[in-house]
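Visitor: Sequence and computational prediction follow.
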Protein chains: 2
Amino acid sequence: MPSLDPTSGQHERTRPDLAAMTTALNRSLVAAELPVLAEHGLTMWGYVVLLALDEHPLRTQAALAEAIGADKTRIIGVLDDLQVRGLIDRQRDPADRRARLLSLTPDGHDVRDSAQAAIRRGEERLLARLPERDRKGFVSALIALSTLPVEDITGRPADSA
Amino acid sequence: MPSLDPTSGQHERTRPDLAAMTTALNRSLVAAELPVLAEHGLTMWGYVVLLALDEHPLRTQAALAEAIGADKTRIIGVLDDLQVRGLIDRQRDPADRRARLLSLTPDGHDVRDSAQAAIRRGEERLLARLPERDRKGFVSALIALSTLPVEDITGRPADSA
DNA sequence: CGAATTGATACGCGTCCGCTTATCATCTAC
DNA sequence: GTAGATGATAAGCGGACGCGTATCAATTCG
């Protein structure tokens, strides 16, 4: 593998576009994750919902959809399924009976935990193959970049209506 | 412009799943790339084709499709378009008149170069926001991971296709 | 109270994509 | 030379998804 010259950006050797690399890597990571989720009876959307609900309880489904970047009409089926299987709780908000208060049940928490733990094991196994110096930078840069607002990356005013 | 340094201090704290992060980052990178490509009159598939043909001339369209992970029946329209616009050359192989020899025209090379240069500028601007130590590791780890065979990441025998 | 708004839900549309099948031309093997 | 494989192409199927519309209940505002 060609070494990169980090001290002068313009001398960096030709590399694939970042987007090309993240696309390829993401495809592989998702492909690795799906069978693990399936073993826990979860779809990708279901898992994403469990993750989101674990972080902070949400008061409306629209807020949840917004938070996970899903269509608000499309997550309904996902929520129905999770609820039927007792992984989430969906109760009418007594303060606003239109809304549904969403939260994880203990079972949902367990499933989330074990699924994520399994995924983590696979990921750590992968990261272990990287040189230590690269690994740390990779993870922290990934955290930084993935949490950046889209407009910061596109450099354009948010396209959204 | 705020500097990105979420790791100042320790590391290895609970982080989102790698796949979640690459999905988010990839979405942003692609969103950033599409308008640039549009300015050069390219679709993502068209651009990918130009990149692939630039690296090594291909003798069959099926090989091209395979190389870029596209469906062989679906790239036909892309190739038609690129050919009509004089960016690629598609000639019957005199040695095997079933096959089409694919190559970039000078125009195609120019378009590819200017599109990629524009994309690079955006990417470098983004990378410049990372702490130096992270940036280097990020790029080399990304190169390493994105070129790994899928099975190495999934840890499973290639999905029987 | 009545009108406008909001949350959840169902339904349908158009798009993109991967996959399959069929067709035609050409090449290879026997 | 005939049979079977291979390459390009067209056409269609079905799934996933984003988006818009319509409906109903509940809330808020004037």
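Guide: Arrived safely.

Visitor: got the contact list for the host helix or strand of A:Arg98?
Guide: Using DSSP states H and E, A:Arg98 maps to strand A:96-104. Outside strand A:96-104, the residues within contact range by CB atoms under 8 Å, 6 or more residues apart in numbering or on different chains are A:50, A:53-54, A:57-61, A:64, A:79, A:87-93, A:112. Backbone N, C-alpha and C define where each C-beta goes, glycine included.

Visitor: List the buried residues in it.
Guide: The neighbour-count check on strand A:96-104 (16 or more other CB atoms under 10 Å in any protein chain shown) flags A:99-102, A:104 as buried.

Visitor: out of these, who's nearest DNA strand D?
Guide: Nearest to DNA strand D among these, counting by CB to the nearest atom of the strand, is A:Ala99 at 8.0 Å.

Visitor: Grab the most central residue of chain A for me.
Guide: A:Val48 (6.1 Å; CA atoms, centre = their mean).

Visitor: which residue sits closest to that residue, ignoring its sequence neighbours?
Guide: Excluding its sequence neighbours, the residue lying closest to A:Val48 (CB to CB, 6 or more residues apart in numbering or on different chains) is A:Ile68, at 5.0 Å.

Visitor: Let me see the backbone angles for the one you found.
Guide: Dihedral pair for A:Ile68: phi -100, psi 10, per degrees, to the nearest 10.

Visitor: was I right about it contacting A:Leu50?
Guide: No - checked against CB atoms under 8 Å, the pair A:Ile68 and A:Leu50 is beyond contact range at 10.4 Å.

Visitor: neighbour count winner among these two?
Guide: The residue with more neighbours, out of A:Ile68 and A:Leu50, is A:Leu50; 22 against 17, by other CB atoms under 10 Å in any protein chain shown.

Visitor: That one against A:Val111, yeah?
Guide: Yes - the pair A:Leu50 / A:Val111 is scored as a contact, 6.8 Å apart, by CB under 8 Å.

Visitor: what is in contact with the two at once?
Guide: A:42, A:87.

Visitor: which residue does chain A bring closest to chain B?
Guide: A:Gly137 (2.3 Å; CB to the nearest CB).

Visitor: what about that residue, is that helix, strand or coil?
Guide: helix (DSSP: H, G, I helix; E, B strand; the rest coil).

Visitor: which residues of chain A fall in strands?
Guide: Along chain A, counting by DSSP state E, strands occupy A:88-93, A:96-104.

Visitor: Need these in CSV (columns: mean pLDDT and distance to A:Gln116).
Guide: Formatted as CSV, the strands of chain A follow (pLDDT from 0 to 100; distance: least, CB to CB, whole Å):
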stretch, mean pLDDT, distance to A:Gln116
strand A:88-93, 93, 16
strand A:96-104, 94, 12
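
Visitor: Could you dump the ones you listed into JSON lines with distance to DNA strand D added?
Guide: Listed next are the strands of chain A as JSON lines, based on distance: least, CB to the nearest atom of the strand, whole Å:
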{"stretch": "strand A:88-93", "distance to DNA strand D": "8"}
{"stretch": "strand A:96-104", "distance to DNA strand D": "4"}
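
Visitor: Could you dump those into JSON lines with distance to B:Glu124 added?
Guide: Compiled in JSON lines, the strands of chain A are given as follows (distance: least, CB to CB, whole Å):
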{"stretch": "strand A:88-93", "distance to B:Glu124": "43"}
{"stretch": "strand A:96-104", "distance to B:Glu124": "41"}
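
Visitor: For stretch A:77-92, buried residues please.
Guide: For stretch A:77-92, burial by neighbour count (16+ other CB under 10 Å) applies to A:78-79, A:81-83, A:87-89.

Visitor: Many thanks, we can stop here.
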